[in-house]
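A.B. asks: could you work out the structure for the sequence below:
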Amino acid sequence: MNIVILAAGTGKRMRSALPKVLHRLAGRPLLSHVIDTARSLAPARIVVVVGHGAEAVREAVAAPDVAFALQAEQLGTGHAVQQALPLLDPALPTLVLYGDVPLTKPSTLKRLADAAVEGRYGILTVTLDDPTGYGRIVRDAGGYVTRIVEQKDATPDQLRIAEINTGIVVTPTAQLAMWLGALRNDNAQGEYYLTDVVEHAIEAGFDVVTTQPDDEWETLGVNSKAQLAELERIHQRNLADVLLGAGVTLMDPARLDVRGELTCGRDVSIDVNCVFEGSVTLADGVTVGANCVLRDATIGAGTRIEPFTHIEGANVGANAVLGPYARLRPGAVLGEEAHVGNFVEVKNATLGHGAKANHLTYIGDADIGARVNVGAGTITCNYDGANKHRTVIEDDVFVGSDTQFVAPVRVGRGVTIAAGTTVWKDVPEGTLVLNEKTQVTRGGYVRPVKKKS
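C.D. replies: Numbering: from 1, shown residues only. This next block holds a predicted model:
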């Protein structure tokens, strides 16, 4: 089939310069969610109708399998679909979706498409406790659909109808051009409604069929920031339910944000207010403390991540301990049983098996060997104001507190570095390195006191 996605609206109620369909749900544009759903149905063609912010929308979702049609003037949904007609295969039915309705399940759309085979006109409807604002499905005494009437054009009797039109339809494509051409805009909005096509289909002798989604939230659209926030929580709860079903322990499913793909092994535990972005993998037995942010990271089995730790673009081995308040930046690679503690930052660096940097340290552009102990306040001075340089510390080195490594520099295996040392020359293995210092002590010193005002 063909799939047309309407994404031309201005979204005035969003009160934003960003096109409505580019506002983010779970870290991705609303339109991207709809395109992914469309792809899952393996259509012959996907056409996105753009209008407001057309160039930005194209740039955000451009892909080889996505074509674009321009609706230069927003004259209604019928007019929008009309712009896509030249890009459609007339021999295939067309499914119409909306770029601001991101949560419709593929199974729901497949059920609609299956019901609309052999030239039928299919409408996805839903029955609401409060249908205010939606177009009503009008049926005759036999239960057959006769028309769809918009809220502003409905009579008092029609306003009492609870079954509403979601706007998602499957239509024969060969006849669609004729039906769209016959639309009129003599309505309260002065627009060409796609909903009016159903009457032309009935007049032409086509059967009109309806199906409903499993869940009401599948048809919810976004017209305001409040609605966007509502859909975000629905979507996150759905993702949490999948994780719970897979055996993941979530301390509070309502306080979880997955903005990408989160893959978990057995016996994973996640505390509250954690955010997962991009592609994150947590192996068996990983525990994540409260208020952590993980982005594009792989965490090995048994690793413990303490609260308020930020990890981005990092690969962590098994049974490591991270945080609290640790930061792993892109290129950080930690071996098994490595420790990176509070207020330690690691960037573009490797830490070997059992290496430890537990306090107040910056490790950038470095290779740290196995079993190295890095004391508090240590810094790799990797940047000379123009270029980055690398620090290499071999296995079993002990680094005293308040040490600076002026890169490029290499420290051999088994070296001991005294506290407060600046290392700017290579150090041979098995040695002690320190900067000569003189400590002076004077007696009779009187500490100054504050003068009384």
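A.B. asks: give me the helices and strands touching the strand or helix carrying residue 229, please.
C.D. replies: With elements taken from DSSP states H and E, the one containing residue 229 is helix 225-245. For helix 225-245, the packing partners by 3 or more Cβ pairs under 8 Å, 6 or more residues apart in numbering; DSSP states H and E come out as strand 24-25, strand 249-250, strand 256-264. Where C-beta positions appear, they are placed from N, C-alpha and C, glycine not excepted.
A.B. asks: all strands for the stretch 1-150 of the chain, in order.
C.D. replies: 2-7, 24-25, 28-29, 45-50, 66-70, 94-98, 121-127, 136-139, 145-149 (DSSP state E, counting those that start in this stretch).
A.B. asks: I'd like those as TSV, with mean neighbour count, distance to residue 182 and mean pLDDT appended.
C.D. replies: Shown next, in TSV, are these (neighbours: other Cβ atoms under 10 Å; distance: least, Cβ to Cβ, whole Å; pLDDT from 0 to 100):
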stretch	mean neighbour count	distance to residue 182	mean pLDDT
strand 2-7	28	19	98
strand 24-25	18	36	98
strand 28-29	20	34	97
strand 45-50	24	20	98
strand 66-70	17	20	98
strand 94-98	24	17	98
strand 121-127	22	15	97
strand 136-139	21	19	95
strand 145-149	20	14	92
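A.B. asks: to residue 448, which of the ones you listed lies closest?
C.D. replies: Of all the strands of the stretch 1-150 of the chain, it is strand 24-25 that lies closest to residue 448, at 57.6 Å by Cβ to Cβ.
A.B. asks: who are the packing partners of the closest one?
C.D. replies: Contacts defined by 3+ Cβ pairs under 8 Å, 6+ apart place strand 24-25 against helix 225-245.
A.B. asks: hmm, try it at 10 Å
C.D. replies: Contacts defined by 3 or more Cβ pairs under 10 Å, 6 or more residues apart in numbering; DSSP states H and E place strand 24-25 against helix 30-40, helix 225-245.
A.B. asks: other residues contacting that strand?
C.D. replies: Outside strand 24-25, the residues that touch it by Cβ atoms under 10 Å, 6 or more residues apart in numbering are 18, 30-33, 100, 102-103, 222, 228-229, 231-232, 234-236, 259.
A.B. asks: distance to residue 298 added to the helices and strands packed on helix 225-245, as TSV?
C.D. replies: Compiled in TSV, the helices and strands packed on helix 225-245 are given as follows (distance: least, Cβ to Cβ, whole Å):
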stretch	distance to residue 298
strand 24-25	24
strand 249-250	20
strand 256-264	9
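A.B. asks: nearest to residue 184, of these?
C.D. replies: Across those, residue 184 has its closest neighbour in strand 24-25 (35.4 Å, Cβ to Cβ).
A.B. asks: strand partners of the closest one, parallel vs antiparallel please.
C.D. replies: Taking DSSP bridges as the criterion, strand 24-25 pairs within the sheet with strand 28-29 (antiparallel).
A.B. asks: what about the helices in the protein?
C.D. replies: Under the criterion DSSP state H, helices of the chain are mapped to 30-40, 54-61, 77-84, 106-115, 156-159, 176-181, 197-203, 225-245.
A.B. asks: pick the most buried one from the ones you listed.
C.D. replies: helix 77-84 (a mean of 24; mean count of other Cβ atoms under 10 Å).
A.B. asks: taking strand 2-7 as reference, get the angle to it.
C.D. replies: Angle, helix 77-84 to strand 2-7, by axes from the mean of the first three to the mean of the last three Cα atoms, to 10 degrees: 120 degrees.
A.B. asks: before we move on, back to that, the strands of the stretch 1-150 of the chain: which one's closest to residue 413?
C.D. replies: Ranking the strands of the stretch 1-150 of the chain by proximity to residue 413 (Cβ to Cβ) places strand 28-29 first, at 47.2 Å.
A.B. asks: chain center to that closest one: distance?
C.D. replies: 6 Å (Cα atoms, centre = their mean, to the nearest Å).
A.B. asks: which outside residues touch that strand?
C.D. replies: 7, 18-23, 35-36, 56-57, 60-61, 99, 102, 259-260.
A.B. asks: can you rerun that using 8 Å?
C.D. replies: 21, 22, 23, 60, 61, 259, 260 (Cβ atoms under 8 Å, 6 or more residues apart in numbering).
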